[in-house]
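# what's the 3D shape of this:
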Amino acid sequence: MLVVANHVGDIDPPFVGMACVPRQAQYLADARHYRSLPLATVLYAVGAFPVQAGSPDTRALRRAREQLLAGELVVIFPEGKPSWGPLGEFHDGAGHLALTPGITVVPAAIWGTHKVLRGWRLMGRGPVRVAFGHPVPVPAAGSRRERAAELTRRARDAVDALLEPMRRAYP
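Below is the predicted model:
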């Protein structure tokens, strides 16, 4: 299962991972986080693996695809970095990964972590909310690139729909 989530704060992965229990989540994490040995050790321990931001990282996508085909749960934050509130653009890598045959794509929305921690500075308190939506249908028509872009758009729209009630309840 591929969980496609928005990214509002630095501490989103643990919250999304806790919401996925009893399944253990694996994450694609920005390679810049692996420059610090203590942080890299923690990331590897919780099942994260590095992805180069800003360019197609075929090695990271291949590893994620292998994990998905092995039946693992993989979480991807297609915005690439925290948006600190408003939903940013999703990169098409999530759509390409979601085209793997037999993979279920589940949208997830997280809200509130941007009010807890920003840039590793404490900001205040939650609440932090995580919501999961219905599986996103995979388009059947078009080239692989067109289908990936459409799937990315559908996932972003589904995440945005999940976010709306959270934004209204906790502005």
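
# Can you tell me what sits against the helix or strand A29 falls within?
Element membership of A29 [criterion: DSSP states H and E] is strand 25-30. Residues from elsewhere that reach strand 25-30 (Cβ atoms under 8 Å, 6 or more residues apart in numbering): 3, 13, 16-17, 43, 46-51, 53, 60, 64, 67, 72-77, 80-81. C-beta: built from backbone N, CA, C; applies to glycine.

# Backbone dihedrals for R168, both of them.
Backbone torsions of R168, given as degrees, to the nearest 10, read phi -70, psi -40.

# ok, it - how many residues close by?
8 (other Cβ atoms under 10 Å).

# remind me which residues of this structure are low pLDDT?
118-122 (pLDDT under 70).

# is it true that P78 touches L87?
No. Contact criterion Cβ atoms under 8 Å: P78 and L87 do not qualify, at 10.6 Å.

# Tell me if V106 really is in a strand.
Yes. Counting by DSSP: H, G, I helix; E, B strand; the rest coil, V106 is located in a strand.

# for it, what are its contacts?
1-4, 132-136.

# hang on, the earlier thing: are any of the contacts of strand 25-30 buried, and if so which?
3, 13, 16-17, 43, 47-51, 60, 64, 67, 72-77, 80 (16 or more other Cβ atoms under 10 Å).
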